[in-house]
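Colleague: Would you be able to build a 3D model of this:
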Amino acid sequence: MPKIDNKTFYSSAIEMYGITAKGVNWHSKESQNLRFEIILKMLPKEMSEYSVADAGCGFGDLYLYMQKKKRMPKEYIGIDALIDMYSIASERTGCEIVVADICKEELPSADFYICSGAMNVLNDFETHLFMQNCFNSCKVGFLFNVLYGDKESETYNYLTRAKIEKIATELGASEVIFKDDYMQDDVTVMFKKSL
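Modeller: As a prediction, this is how the structure comes out:
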């Protein structure tokens, strides 16, 4: 069982806050940007040589942030399960946006798969499926942030380091990189593939 209904969770936020960071259930634009900044620091300097798939792309904010920071990938593909997100992200980015259930459907191939926040409301089983599908669809690495720790919540999914490392081992990641010193209860992780 999902922790909550994703469609309702995001649709009600869009209705209440519009096309803003709060409209995709972030606390603030600042916390969203800080997470994006950590992601960019963990990616290679020369992003123009790599393609990126943004899993759970929402409004395409990661793409716009990369554009602002002049760290544009060779190709960007956004993926989201919600039609509302598809329409808005398509218009805002001008890029290819795919409507897909990331836990279940076949995904396009990309050098890097990135997920910022989209796994925070999945249950453990869905989180594993989401990570597996993204990792299997990337050529270089899967980079994601999640809520970090062993808190219990009826809405949000927290992962411990041990849980993340177990998933990385099961998926066959050649290296796992953790960054957890930028915000309380948050971690950014890279699962790397051996090239």
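Colleague: which secondary structure elements does the lengthiest strand in the chain contact?
Modeller: Using DSSP state E, we find that the single longest strand of the chain is strand 138-148. Applying 3 or more Cβ pairs under 8 Å, 6 or more residues apart in numbering; DSSP states H and E, we find strand 138-148 packed against helix 29-42, strand 110-116, helix 124-137, strand 158-159, strand 186-192. For glycine as for every other residue, the C-beta is placed from the backbone atoms N, C-alpha and C.
Colleague: Show me what counts as buried in it.
Modeller: 138, 140, 141, 142, 143, 144, 145, 146, 147, 148 (16 or more other Cβ atoms under 10 Å).
Colleague: Give me the neighbour count for the spatially closest residue to the third one that is not a sequence neighbour.
Modeller: The one in question is residue 141. Computed as Cβ to Cβ, 6 or more residues apart in numbering, the closest residue to residue 141 that is not its neighbour in sequence is residue 192, at 4.5 Å. Using other Cβ atoms under 10 Å, the number of residues around residue 192 comes to 17.
Colleague: Can you list the buried residues in the host helix or strand of residue 92?
Modeller: Using DSSP states H and E, residue 92 falls within helix 83-93. For helix 83-93, the neighbour count (16+ other Cβ under 10 Å) marks 84, 85, 86, 88, 89, 90, 92, 93 as buried.
Colleague: Let's test this: name the helix or strand in this protein with the lowest mean pLDDT.
Modeller: helix 6-17 (a mean of 57; mean pLDDT, DSSP states H and E).
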